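*Asks:* Here is a sequence together with a model predicted from it:
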Amino acid sequence: MGAPLGCCAVKRYLTRNAALFHTLRRLLATLCCAFLFVQGVRYGRYHFRPDVSWQRVQSSGVLIVGMDTSYRPFAVMQGEDISGLDVDIALEVARRLGVRMQVAPMGVDGLYDALHTGIVDALISALPLDPFRLDAFLYTRPYLDGGYFLVSRDGRYQTMPDLDGKRLAVEYGSVGDEQARRWLRRLGSLSVQHHTEPSAALAAVFEGAADAALVDYLTARLWLREHSASDLIIAAQPIYSEGYRAVLRVRDLALAGKINAALEAMAADGTLAAILAKWL
Amino acid sequence: MRAPESAAYRAGRAARWLWDRRGVWLRGALVALILLNLAPARARLLPEPPQVVQTEHPILCMHTRLVDEVEDLKVWRTLRMVREMGAPAIVELFPWAYIQPREGVYDWHHPDRIIRMARQQGLTVIARLGIVPAWARPDPRLQQTSLNYLPRSRYADYAAFVAAFAARYRDSVTHIIPWNEPNLYFEWGFRQVLPEEYVEFLRLIYAAAHAANPAVQILGAALAPTLEPESSANGMDDLIYLRRMYAAGAAAYFDGLAVHTYGFTLPPDDPPAPDRLNFRRYELLHAIMREFGDGEKPVYITESSWNDHPRWVNAVRPSQRIEYTLAALQYAESAWQTVRHLCFWFFRAPTLYRNYMDGYAFVTVEFRPRPIYEEVQRWARRWDAAP
């Protein structure tokens, strides 16, 4: 007759096999725990290691910035010289951080790989926020909104609802066209004109053939620079926003904070606006 | 004589029995939880009535990117938008490595659902078969190879796979393209590009596929438009390659020809020339077909497009992209009699490429139709002519 099962029954290992099995189970459990502990320590050391990004840049005295040097007016390489809006912004950021700035020229396809592999410290290359990359990269505040803005005489049209019953000029097939098509469904009598170039859309407004143009900020600024006598004004807020930001590795939070603070300070004291005015 | 056990006593004993085995239940529950989470997602879409593509221009076709799409809803939504655009056909890649992960073992789960949903939307599927599984390539410890590397000794395995595909989808997929751009070193598995070798490969495939499904149409793989000379390590000029294919007797081993032709920065009416890559380069390929008495064979342009990425040197403005695309469709429909479909690369990608490739999409990752979608739809369905 076996021992009765119950709360007070004493468990016994009656055979050598059972005892061996019990020992093996304990051993396996111990090994698993040890493995998990080691992996936990490795994970912690990797993910919670001290952020020395700022000290690294400070000690080297150089901030290496990756740029696509074929994208006018942001960065263009002519011989050995690289110049452009992004170059000036990077130079000013580095000056405020008290380090030298070095440009690493590359194609747009290689920018993120260069940052990920540590070839560069940061990217400043007209890059918009990419939500799919937020697990690996940090984005600073935007230094420029390259999105789509309304442009009208004296800036009289600031939002899309202001254009009900008016004529809107856009570049055929562009994001501005895409936005206009969406607004066509909301506004009762918006008239959309298609043009082959964004500059043609702006010219249509200037000549009175359209009431407003919905074009990208860069084109608008460059066109207005060439037509300084015109009374066209860019709206204060974008219809479709696409901020260009500096990008850093997600673990380089300290350096990102410094660059972000420098950009904030540049925006506050007018330096950023002066750089934009120089190139746009 | 034992006293009868009360219900409460029996319940208590059962509870005790369960409690004593709690370890087993808990482990079982944990294993079941893991297994259930490992299992493929259940179908969330119930069958709909079959749809019909409404189009005035059946030449229109789209190259989709569904093979890496996980959720049924996204596959369905993509195919529905293709149908609503007025395109009656799609080109889709079905990787051999996904379907036959081990020698002799087929997993038709993914192609089944894509083809079923495409049929439900009334779409014709042109299947491109490629991507070599690991088991058909050399041991990586002995030789590092790419996903396009197929040794000669494995040609018969690929042919058997094509035959199995043709047999399984005998009522659904009538056009199969074995391989892609074999005139490129990269696409040919970093092996020397030899048209005669591709013809030998095609011969095996043609025989196996037709034995499995006599109605299937085997298309000669589209060649990459390139100007690489015959001696180049990167590939071979598509005109030279096609001529050598015909010289090696390829005409008997394909029922139609797949073609890739891109406009790059040039308009679709830019005249063809052997030293120029443009949309009408197809006419030079067709001249070679005619030269070898194969001019009446149907042609499927399975990749063509203009790109409007703002940061690519070979891109055009968005307005030009629409203008060129519509002009290309009209030109191909009126001037190229043997062209059955003009398929545009590509409809929508499952995720952003984050480079110039994003400038090819007709629909964004979030399923937002770009203006080119609406303009091509307007043309395909002749909405301008509607009252």
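*Replies:* Thanks, I have it. Residues are numbered from 1 along each chain as shown, chains lettered A, B, ... in the order given.
*Asks:* Show me which residues of the stretch 101-250 of chain A are close to chain B?
*Replies:* By the rule Cβ under 8 Å from any Cβ of the partner chain, the part of the stretch 101-250 of chain A lying against chain B is A:108-109, A:112, A:130, A:132-133, A:171-174, A:177-178, A:181, A:194-197. Any C-beta I mention is one placed from the backbone N, CA and C, and that applies to glycine too.
*Asks:* Give the buried subset of these as a ChimeraX selection command.
*Replies:* In ChimeraX, a selection of the buried entries from these looks like this (16 or more other Cβ atoms under 10 Å in any protein chain shown):
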select /A:108,112,133,171,172,173,174,177,178,194,195,196,197
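*Asks:* For the residue of chain B found nearest chain A, the count of nearby residues, please.
*Replies:* For chain B, the residue closest to chain A is residue B:318, as judged by Cβ to the nearest Cβ, at 3.2 Å. Number of residues near residue B:318 (other Cβ atoms under 10 Å in any protein chain shown) recorded here: 26.
*Asks:* quick one, phi psi at it?
*Replies:* phi -60, psi -40 (degrees, to the nearest 10).
*Asks:* Who are the contact partners of it?
*Replies:* A:171, A:172, A:173, A:174, A:177, B:308, B:371, B:372 (Cβ atoms under 8 Å, 6 or more residues apart in numbering or on different chains).
*Asks:* Surely the first one and residue A:192 touch.
*Replies:* Okay, so that is residue A:171. No - contact criterion Cβ atoms under 8 Å: residue A:171 and residue A:192 do not qualify, at 11.2 Å.
*Asks:* Identify the contacts common to the two.
*Replies:* With Cβ under 8 Å, 6+ apart as the test, residue A:171 and residue A:192 both reach residue A:177.
*Asks:* What is the distance between stretch A:55-69 and the centre of its chain?
*Replies:* With Cα atoms, centre = their mean, to the nearest Å as the basis, stretch A:55-69 stands 18 Å off its chain's centre.
*Asks:* Please measure how far the first residue of that stretch sits from its last one.
*Replies:* Length of stretch A:55-69, first residue to last, Cα to Cα, to the nearest Å: 28 Å.
*Asks:* and that stretch, which residues are buried?
*Replies:* A:57, A:58, A:63, A:64, A:65, A:66, A:67, A:68, A:69.
*Asks:* and residue A:103, that one's in a strand?
*Replies:* Yes - checked against DSSP: H, G, I helix; E, B strand; the rest coil, residue A:103 lies within a strand.
*Asks:* Touching, it and residue A:89? I think so.
*Replies:* No - using Cβ under 8 Å, residue A:103 makes no contact with residue A:89, being 11.6 Å away.
*Asks:* List the contacts of residue 265.
*Replies:* All of this is about chain A. Residue A:265 is in contact with A:96, A:271, counting by Cβ under 8 Å, 6+ apart.
*Asks:* hmm, I had chain B in mind actually
*Replies:* B:314, B:315, B:316.
*Asks:* Show the buried residues in those residues.
*Replies:* B:315, B:316.
*Asks:* Within reach of chain A, which of the contacts of residue B:265 are there?
*Replies:* Applying Cβ under 8 Å from any Cβ to the contacts of residue B:265, none is adjacent to chain A.
*Asks:* Take the contacts of residue B:265 and lay them out in JSON lines including secondary structure, pLDDT and distance to residue A:146.
*Replies:* Output for the contacts of residue B:265, formatted as JSON lines (DSSP: H, G, I helix; E, B strand; the rest coil; pLDDT from 0 to 100; distance: Cβ to Cβ, whole Å):
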{"residue": "B:314", "secondary structure": "coil", "pLDDT": "94", "distance to residue A:146": "22"}
{"residue": "B:315", "secondary structure": "coil", "pLDDT": "96", "distance to residue A:146": "17"}
{"residue": "B:316", "secondary structure": "coil", "pLDDT": "96", "distance to residue A:146": "20"}
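*Asks:* low-scoring stretches of the chain, by residue?
*Replies:* Chain wasn't specified; assuming chain A. A:1-14 (pLDDT under 70).
*Asks:* The chain in question should be chain B.
*Replies:* Using pLDDT under 70, the flagged stretches of chain B are B:1-4, B:40-44, B:385-387.
*Asks:* Show me the helices in the stretch 101-250 of chain B, by range?
*Replies:* B:109-120, B:155-168, B:195-212, B:238-247 (DSSP state H, counting those that start in this stretch).
*Asks:* can I get the ones you listed in a markdown table with mean neighbour count?
*Replies:* Formatted as a markdown table, these follow (neighbours: other Cβ atoms under 10 Å in any protein chain shown):
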| stretch | mean neighbour count |
| --- | --- |
| helix B:109-120 | 19 |
| helix B:155-168 | 20 |
| helix B:195-212 | 20 |
| helix B:238-247 | 21 |
